[in-house]
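[1] what's the 3D shape of this:
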Amino acid sequence: MASKVTVNLLAGLVFCTWAVSIAGLASLQNGCNEDPAGVMAGVEKFSSPMLTCGKLYRYWWFVVSFEIVSIIGLVIANLLGAVRSQKASWAGIFSVLLLLYISMADAFLTAQDLPVSNATATSVGRARVITAGSIMTCVANAFIVLALGTESAEVEEEKKAEKSTI
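    From the prediction side, this is the model:
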């Protein structure tokens, strides 16, 4: 596994990319006053088109909430020294988050292809921010999964030494 410093730096990177995606999501939902019907209503991977704009993004709020809870949990576990024994679990959590953010990026990329009127041009621009944040968060989550799964040469030698003594 990568060092504690590396894992914390990667968690900081994920936090920064997460902030971009949540800012785009918050601004898009804040724009519901400008577009009460919801620009994204009826687009695949969004809630039912019968929902109000304020409720349309609830699944994506779950995704960004799950990400921040996981980032905070990873940093705390890393500071307590528990990540080494739990690395498979953390890699699994961040693999799931990686897939959720791929789905989020795909959904908002699809939404950008909607016909744009003057009233919705701002919403499409905000969707581009979410897409950029989602793609960056995907990459950062992949780096965390790789860092958690990487064994240093010293650890591999220790494992060989343990096997030879048994």
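[2] which helices and strands does the helix or strand where residue 94 lies pack with?
    Assessed by DSSP states H and E, residue 94 sits inside helix 83-112. Helix 83-112 sits against helix 4-30, helix 58-79, helix 121-149, with contacts defined as 3 or more C-beta pairs under 8 Å, 6 or more residues apart in numbering; DSSP states H and E. C-beta: built from backbone N, CA, C; applies to glycine.
[3] and if we set it to 7 Å?
    Applying 3 or more C-beta pairs under 7 Å, 6 or more residues apart in numbering; DSSP states H and E, one finds that helix 83-112 contacts helix 58-79, helix 121-149.
[4] against residue 147, how distant is residue 76?
    According to C-beta to C-beta, to the nearest Å, residue 76 and residue 147 sit 17 Å apart.
[5] out of the two, which sits in the busier spot?
    A count of neighbours by other C-beta atoms under 10 Å puts residue 147 above the other of residue 76 and residue 147, at 20 against 11.
[6] isn't that one right next to residue 8, touching?
    No: the criterion here is C-beta atoms under 7 Å, and residue 147 misses it with residue 8 at 10.4 Å.
[7] so for residue 77, what's the nearest residue that isn't a sequence neighbour?
    Leaving aside its sequence neighbours, residue 77 sits nearest to residue 83 (C-beta to C-beta, 6 or more residues apart in numbering; 4.9 Å).
[8] and that neighbour, how close does it get to residue 10?
    To residue 10, residue 83 is 12 Å away according to C-beta to C-beta.
[9] over to residue 65?
    Taking C-beta to C-beta, one finds residue 65 at 20 Å from residue 10.
[10] tell me the confidence at residue 16?
    pLDDT, residue 16: 97.
[11] how much space between it and residue 55?
    For residue 16, the distance to residue 55 (C-beta to C-beta) stands at 28 Å.
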